[in-house]
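[1] Sequence unavailable; structure follows:
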C-alpha cells in the first residue's frame, strides 16, 4: 500500500501515522484531514511523506485506503457530501457506527471494513479486530501489530465492548495509587511502584503458552495476599456486576 488517508487526526489518527512511519525505511504517503490541524502539522514536520490536505475530499481523492477516525457525533459534519470511488478501501474506526450506516452516509460501493485500532498501534504491538476480513485493510493492520478478522458485526461488537474496559483499568491503577497515598506514601513513589508493578504484568501477557487463568494461578500463593484480594474484592458479586455492565454496553452497540 502506498497512499493512506486519515480523516480525523486525534489520538488514534496520530498513533496510526506514527505506527506506519516511525523507524521504517520506506514510509507510505499519508494524507491527513485538516481536522486536528495542529496535530497534522506536527506530524507532517516529522515525516516527509505526511501531508495535511485542504479538505476531506482531497484526502479521499489522493488515497487508496481511507481511515475514518472521527468521533461518532461528528460523522455527519465530517463525511457529508464526500464522494468515494468504488475502488477505494474505507476503514471505519468510529465506535458505534456500523458499516450499513456509513455506506448510507457516503453513498458508495467502496469496500467498508470496521476496525478497532488502539493507540498502541504506534508501537506496532496492538492486535486490531476487523470486520469483514479484507486483504487491503488486514495487511495494513498486520504491519501495526497484528490483525484479528471476525466474521460478522455481532462478534465485532463483543470485541468493541471489551475495548470499553480500557480506561477502567487505568482508573483501577489510579485508585491503587490514591490508596497508597492515603496511607502516607509519597505520591511519586506510589505512582512509580504501581506503574512498575503492572508493566511487569503486561510483559507476562506476552507469554501465550499460558492461559489467562493459568497466569493468575501462577502469580498467586494459596492463602497468600493475591488470593485474599481476589477472593474478597473480585468475588462473584463484582464479577457479576462487570458482566452486567458489559451486557448493557453490548446491547447498546447492537
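    Arrived safely, thanks for sending. Quantities reported herein were computed from a predicted structural model and do not represent experimental measurements.
[2] can you tell me how far residue 177 sits from residue 123?
    24 Å (Cβ to Cβ, to the nearest Å). (Each C-beta comes from the backbone N, C-alpha and C, glycine too.)
[3] Going along the chain, name the helices of this protein.
    Taking DSSP state H, the helices of the chain run over residues 11-21, 37-46, 56-62, 75-79, 99-106, 135-142, 153-163, 166-182, 187-204, 212-218, 225-232, 236-253.
[4] ok, residues contacting the shortest one?
    For helix 75-79, the surrounding residues in contact (Cβ atoms under 8 Å, 6 or more residues apart in numbering) are 7-8, 33, 35, 56, 68, 70, 94, 97, 102, 105-106.
[5] do the same with the last one
    When contacts are taken as Cβ under 8 Å, 6+ apart, the neighbours of helix 236-253 outside the stretch itself are 96, 157-158, 160-162, 164-165.
[6] I'd like the average pLDDT over it.
    Mean per-residue pLDDT for helix 236-253: 93.
[7] Return the distance of it from the chain's centre.
    Computed by Cα atoms, centre = their mean, to the nearest Å, the chain-centroid distance of helix 236-253 equals 21 Å.
[8] do the shortest one as well
    Once both centres are worked out by Cα atoms, centre = their mean, helix 75-79 turns out to sit 21 Å from its chain's centre.
[9] in that helix, what counts as buried?
    For helix 75-79, the neighbour count (16 or more other Cβ atoms under 10 Å) marks 75, 78-79 as buried.
[10] Show me where the protein dips below the pLDDT cut-off.
    1, 36-37 (pLDDT under 70).
[11] domain parsing for it?
    Following automatic domain parsing, the chain resolves into domains at 3-151, 166-253.
[12] quick one, which of these is packed in tightest?
    Mean neighbours per residue, mean count of other Cβ atoms under 10 Å, is largest over the domains of the chain for domain 3-151, with a mean of 18.
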